[in-house]
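Asks: missing the sequence, but the structure's below:
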């Protein structure tokens, strides 16, 4: 799956973008300053960077230049509406695209997918043992046979994939999926949905090898391919 670095100093915008893009099957990290962004970029592997022009300790133009010298990762600038100068400067620095604020999430999603395809970085398929998840098409198969998931089950699975190998507490899982499909989800129904996922994905739901229980902590997705 594609990993995106979101460089945005406004926490509300950053978290909203992260939540939306992860619900669409992307892996996302966030950074709110030049220093934090540079540290994440140098130590991570990203397929695309979403970069705000205005940052508290500098600007996105300088950061883009530094990023491009380190690794030629595609960049999409988030610019103020109608700021033609910013648009031209961003493109001259090597950015692949720009989008003006405020923007519609679906338009941004389309721009991201276009850039990933154009730069040959589109990756949407994840293998979980004999289960394959194609996040772009929203198709899950097991041993080549398609598995039907509800919207909430799919959102829960993407949450595990986006946090693969990390222990997810029940409260963290609830925060990620509570609004999926407009359904009400509480602690008891979370247990039901995890059971349903295991019934559909695991070879032996009573001895799960994909969605693991971490005693007294929560759950995690196995890191084994």
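Replies: Here it is on my side, so go on. This one's a predicted model, so the numbers in the text were calculated from it and none came from an experiment. Numbers count the residues shown, from 1 in each chain.

Asks: contacts and neighbour counts: CA atoms only from here.
Replies: OK.

Asks: give me the helix or strand of the protein that scores worst on average pLDDT.
Replies: helix 84-92 (a mean of 74; mean pLDDT, DSSP states H and E).

Asks: buried residues in the next helix or strand after it?
Replies: Moving toward the C-terminus from helix 84-92, the first helix or strand encountered (DSSP states H and E) is strand 97-101. Neighbour-count burial for strand 97-101 flags 97-100 (criterion: 16 or more other C-alpha atoms under 10 Å).

Asks: also stretch 103-116?
Replies: Of all the residues in stretch 103-116, those buried under the rule 16+ other C-alpha under 10 Å are 108, 111-113, 115-116.

Asks: just the buried residues of strand 97-101 now: which is nearest residue 141?
Replies: The closest of those to residue 141 turns out to be residue 97 (C-alpha to C-alpha; 33.8 Å).

Asks: may I have the beta-bridge partners of the closest one?
Replies: In this entry, residue 97 is beta-bridged to residue 76, by DSSP bridges.

Asks: give the contact list for residue 221.
Replies: Counting by C-alpha atoms under 8 Å, 6 or more residues apart in numbering, residue 221 touches 160-161, 163-167, 210-212.

Asks: check residue 35 too.
Replies: Applying C-alpha under 8 Å, 6+ apart, one finds that residue 35 lies in contact with residue 57.

Asks: could you pull up phi and psi at it?
Replies: When quoted as degrees, to the nearest 10, the phi and psi of residue 35 stand at phi -60, psi -50.

Asks: likewise residue 141?
Replies: Torsion angles, degrees, to the nearest 10, at residue 141: phi -130, psi 150.

Asks: please list all residues in contact with it.
Replies: Residue 141 neighbours (C-alpha under 8 Å, 6+ apart): 131-133, 147.

Asks: repeat that with 6 Å
Replies: Contacts here follow C-alpha atoms under 6 Å, 6 or more residues apart in numbering; on that basis residue 141 touches 131-132, 147.

Asks: what is the burial count for residue 204?
Replies: For residue 204, the neighbour count with other C-alpha atoms under 10 Å is 11.

Asks: where exactly do the strands run in the protein?
Replies: Using DSSP state E, the strands of the chain run over residues 3-7, 27-31, 48-52, 54-55, 58-59, 75-80, 97-101, 125-128, 131-134, 139-142, 145-147, 211-214, 218-221.

Asks: could you identify which of these is most buried?
Replies: Of all the strands of the chain, strand 48-52 carries the top mean neighbour count, a mean of 25, counting by mean count of other C-alpha atoms under 10 Å.

Asks: who does that one pair with, and is each partner parallel or antiparallel?
Replies: Sheet pairing for strand 48-52, assigned by DSSP bridges, gives strand 3-7 (parallel), strand 75-80 (parallel).

Asks: name the residues that touch the last one?
Replies: Read that as strand 75-80. 48-53, 95-101.

Asks: can you redo those as JSON lines with pLDDT?
Replies: Below are the contacts of strand 75-80 laid out as JSON lines (pLDDT from 0 to 100):
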{"residue": "48", "pLDDT": "95"}
{"residue": "49", "pLDDT": "96"}
{"residue": "50", "pLDDT": "95"}
{"residue": "51", "pLDDT": "92"}
{"residue": "52", "pLDDT": "90"}
{"residue": "53", "pLDDT": "86"}
{"residue": "95", "pLDDT": "87"}
{"residue": "96", "pLDDT": "90"}
{"residue": "97", "pLDDT": "91"}
{"residue": "98", "pLDDT": "88"}
{"residue": "99", "pLDDT": "89"}
{"residue": "100", "pLDDT": "85"}
{"residue": "101", "pLDDT": "84"}
